[in-house]
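A.B. asks: need a structure here:
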Amino acid sequence: MPKVVSRSAISTSADAKPTASAAASLRVYYCICGEFVLVIDKSLAAFPQRQTDNAYIIRCQDNETGKAVAFKLNANPVAPILVQRPGGHERQYGFTCPRCSLLVAYQSTPPPVKSAPYLYILKGALTLAQGQVPRDAFEDSQVEQESSTT
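C.D. replies: Sure thing, here's the model as predicted:
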């Protein structure tokens, strides 16, 4: 008599109807180097931007003006920096890509992530297409072509 190894059933969801949770797809953002950095339910373009540095503002804590956004940030904390702003100074606690150490986000309180009311994602630091530089990465800088004359 043959030996029975297992009696497991195989099922597939290829023919299943999509559910409401499947319709609310998550967006995965990558660093310029290709490392996964952020998972969030909305496009970064849908979030407001700071006037000082055009960083995307992600609400981390509930308050009277709205609910917190659910997201996962895969980044390493770095030492805080002091940035001079009009009217004073701002202390920023940054987060860098775990692979290439590019600064991708910051908040106003010491780590962990979500300990501050808001997290700021730097414009041009993340992309939806893995391994591609985002369009707005070099938006503010001017690239000058040097012409060689002999």
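
A.B. asks: Direction included, what does the lengthiest strand in the chain pair against?
C.D. replies: Ordering each strand of the chain by length in residues (DSSP state E) puts strand 88-96 first. Applying DSSP bridges, strand 88-96 is found paired with strand 76-77 (antiparallel), strand 81-85 (antiparallel), strand 103-107 (antiparallel).

A.B. asks: From Ile32, how far off is Ile81?
C.D. replies: Taking CB to CB, to the nearest Å as the measure, Ile81 falls 20 Å from Ile32. (Each C-beta comes from the backbone N, C-alpha and C, glycine too.)

A.B. asks: those helices in this protein, which residues are they?
C.D. replies: Counting by DSSP state H, the chain has these helices, from start to end: 20-23.

A.B. asks: centroid residue for it?
C.D. replies: Ranked by distance to the mean C-alpha position of the chain (CA atoms, centre = their mean), the top residue is Leu38 at 3.6 Å.

A.B. asks: mind checking pLDDT for that residue?
C.D. replies: Looking at Leu38, its pLDDT is 97.

A.B. asks: Test my guess that it contacts Ile121.
C.D. replies: Yes: counting by CB atoms under 8 Å, Leu38 touches Ile121, with 7.0 Å between them.

A.B. asks: Quickly list what's touching both of those two.
C.D. replies: The contact sets of Leu38 and Ile121 overlap at 104-105 (CB atoms under 8 Å, 6 or more residues apart in numbering).
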